[in-house]
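Participant: return a 3D structure for these sequence lines:
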Amino acid sequence: MISPSRTVAFEILQLVDKGGYASDLLFARSTQLNSRDAGLASEIVFGALRFQSQLDFLIEHYSGRSPARLDAEVRIALRIGIYQLRYLERVPAHAAIHESVELIKRAKKRSAAGFANAVLRKVDRKPVAWPTREIELSHPDWLLERWDRQFGRETATAIALANLQRPETYVRIPPGASTEAEFAPTDVPGCFRLLAGDAHNLRIQDIGSQSIVPLLDLAPGQTFLDLCAAPGNKTAQALEAGVVATASDYHLSRLAPLNALGIDLVVLDARQPLPFRRRFDRILLDAPCTGTGTLARNPEIKWRLTPANIEELRCTQVLLLHQAMQALAPGGRLVYSTCSLEREENEDIVGDLQTRTMRRIPGRDAGDGFFAAVFESSRITS
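Facilitator: Numbering: from 1, shown residues only. Okay, here's the model as predicted:
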């Protein structure tokens, strides 16, 4: 018998290995689990992804075999087992070992079951000397080197260490909302950190994400365009100011979560001239990006990202910003933002026309990493 939590974690990690996204898969599949099983499934999935380099080193350390030479199902089951045995103190060792082996059998890799059982029985909590910084920090070496050059080695290391931690939960609490959970205020208006209790009746939104909308200096009655709006958290936050909002995105399906907001929704390719007759007082361009500021929350990104991806996205970001600027009304304000740490997607995109920039860095600032630049229409047209 294999617990539902480990079954779901194993299935999700296989799908992530084929290109899926852990958060989306967990959200879809956790509805069938009770809260305890959902919590363990989430812990295993994100832990196995955050510490993947360390876990693969440990597989070879205990087995003498390269993880790359193992079948994917066996490699994933060993990561799951070793993560529980070394990183989760409250999980019984016999459960972690037995169920990891059973997952391999269920995946029709029965011939590897004895090997996996022998490996997992060697696992202990003794300190290990990690052979490289890449393995110790569980990040690709090329990404660490980029951050070393951009931020300095100390800050780059702090970013990587922050990405190995479970993110804290932040919520929006609109004026007049009631809740029984315990929260702590933050320096972002309306943003609170969850201390205890259940925030199910509130919108969960990282503090880094919530820090972007205040840069727009919104006021009641202003026309507001959110160009890349999905999943809609920033649009909903903007609506608290009483703006007249329009939200757009490239795919209709991505706009579905915004239906409940009761605003105009437009499907468009924002790399092309925008189809609006009027110009907008305020525009938010939260551009598609590599997401390297969110690796604690989306750890699979670091294992699939390449330097070429950064350049590909940069081309899109330049086009998006150009089109957004054409839609800004006289006296208007535009905010360009990303959840990327990479200069090519941030400073190199906005140039010197902006009036202000903001950067949040994991390990230095609470929450995810974000960059934002504020543009005033007077500077754009001058």
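Participant: could you chop this protein up by domain?
Facilitator: Partitioning the chain according to automatic domain parsing yields domains covering residues 4-131, 207-381.
Participant: same list, those, but as TSV with mean pLDDT please.
Facilitator: Supplementary listing: those in TSV, determined by pLDDT from 0 to 100:
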stretch	mean pLDDT
domain 4-131	96
domain 207-381	95
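Participant: among those domains, which is nearest residue 145?
Facilitator: Nearest of those to residue 145, taken as CB to CB: domain 207-381 at 10.5 Å. C-betas here are computed from N, CA, C, even on glycine.
Participant: distance from the chain centre to that closest one, please.
Facilitator: On the basis of CA atoms, centre = their mean, to the nearest Å, the separation between the geometric centre of domain 207-381 and that of its chain is 16 Å.
Participant: my read is residue 9 is in a strand, agree?
Facilitator: No: counting by DSSP: H, G, I helix; E, B strand; the rest coil, residue 9 is located in no strand; its state is helix.
Participant: spatially nearest residue to it (excluding sequence neighbours)?
Facilitator: Here the nearest residue to residue 9 in space, its sequence neighbours aside, is residue 44; by CB to CB, 6 or more residues apart in numbering that works out to 4.0 Å.
Participant: hmm, back to that, so which of the domains of the chain is nearest residue 139?
Facilitator: domain 207-381 (5.8 Å).
Participant: hang on, the earlier thing: can you put the domains of the chain in JSON lines and add distance to residue 147 and mean neighbour count?
Facilitator: Below are the domains of the chain laid out as JSON lines (distance: least, CB to CB, whole Å; neighbours: other CB atoms under 10 Å):
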{"stretch": "domain 4-131", "distance to residue 147": "16", "mean neighbour count": "18"}
{"stretch": "domain 207-381", "distance to residue 147": "7", "mean neighbour count": "19"}
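Participant: distance to residue 195 added to the ones you listed, as TSV?
Facilitator: Compiled in TSV, the domains of the chain are given as follows (distance: least, CB to CB, whole Å):
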stretch	distance to residue 195
domain 4-131	17
domain 207-381	14
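Participant: follow-up on the earlier one: I figured the residue nearest to residue 9 hits residue 84, correct?
Facilitator: Yes: between residue 44 and residue 84 there is a contact under CB atoms under 8 Å: 6.9 Å.
Participant: show me the strands in the stretch 101-250 of the chain, by range?
Facilitator: Across the stretch 101-250 of the chain, reading from the start of the chain, the strands by DSSP state E, counting those that start in this stretch fall at 170-172, 182-185, 191-196, 203-204, 223-226, 244-249.
Participant: name the helices or strands packed onto the very next helix or strand once past the last one?
Facilitator: Which is strand 244-249. Using DSSP states H and E, the helix or strand that follows strand 244-249 in sequence is helix 252-255. Here helix 252-255 touches strand 244-249, strand 264-267, going by 3 or more CB pairs under 8 Å, 6 or more residues apart in numbering; DSSP states H and E.
Participant: wait, which of the ones you listed is closest to residue 155?
Facilitator: Between residue 155 and the helices and strands packed on helix 252-255, the shortest gap by CB to CB is with strand 244-249, which sits at 33.3 Å.
Participant: about what we covered before: out of the domains of the chain, nearest to residue 159?
Facilitator: Residue 159 sits nearest to domain 207-381 of all these, at 4.9 Å, using CB to CB.
Participant: quick one: the residue nearest to residue 9 from residue 245, how far?
Facilitator: When distances are taken as CB to CB, to the nearest Å, residue 44 and residue 245 turn out to be 39 Å apart.
Participant: and the helix or strand where residue 284 lies, which strands flank it?
Facilitator: Using DSSP H and E, residue 284 falls within strand 280-286. Strand 280-286 has these partner strands in its sheet, going by DSSP bridges: strand 223-226 (parallel), strand 328-338 (parallel).
Participant: quick one: end-to-end length of stretch 272-290, please.
Facilitator: Taking CA to CA, to the nearest Å, the span from the opening residue of stretch 272-290 to its closing residue is 21 Å.
Participant: sorry, back to before: I'd like the strands of the stretch 101-250 of the chain written out as JSON lines, with distance to residue 345 added.
Facilitator: As requested, these are arranged in JSON lines below (distance: least, CB to CB, whole Å):
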{"stretch": "strand 170-172", "distance to residue 345": "23"}
{"stretch": "strand 182-185", "distance to residue 345": "31"}
{"stretch": "strand 191-196", "distance to residue 345": "24"}
{"stretch": "strand 203-204", "distance to residue 345": "25"}
{"stretch": "strand 223-226", "distance to residue 345": "19"}
{"stretch": "strand 244-249", "distance to residue 345": "19"}
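Participant: which one of those lies closest to residue 7?
Facilitator: Relative to residue 7, the nearest member of the strands of the stretch 101-250 of the chain by CB to CB is strand 203-204, separated by 25.6 Å.
Participant: strand partners (parallel or antiparallel) of the closest one?
Facilitator: Strand 203-204 has the following strand partners under DSSP bridges: strand 170-172 (antiparallel).
Participant: where along the stretch 101-250 of the chain do the helices fall?
Facilitator: In chain order, the stretch 101-250 of the chain shows helices spanning 113-120, 133-137, 141-151, 153-163, 207-210, 233-239, with DSSP state H, counting those that start in this stretch as the criterion.
Participant: closest to residue 27 out of those?
Facilitator: helix 233-239 (14.3 Å).
Participant: which other helices and strands does the closest one contact?
Facilitator: The criterion is 3+ CB pairs under 8 Å, 6+ apart, and the helices and strands that helix 233-239 contacts are strand 170-172, helix 207-210, strand 223-226, strand 244-249, strand 280-286.
Participant: ok, residue 32 touching residue 4?
Facilitator: Yes: using CB under 8 Å, residue 32 is in contact with residue 4, at 7.4 Å.
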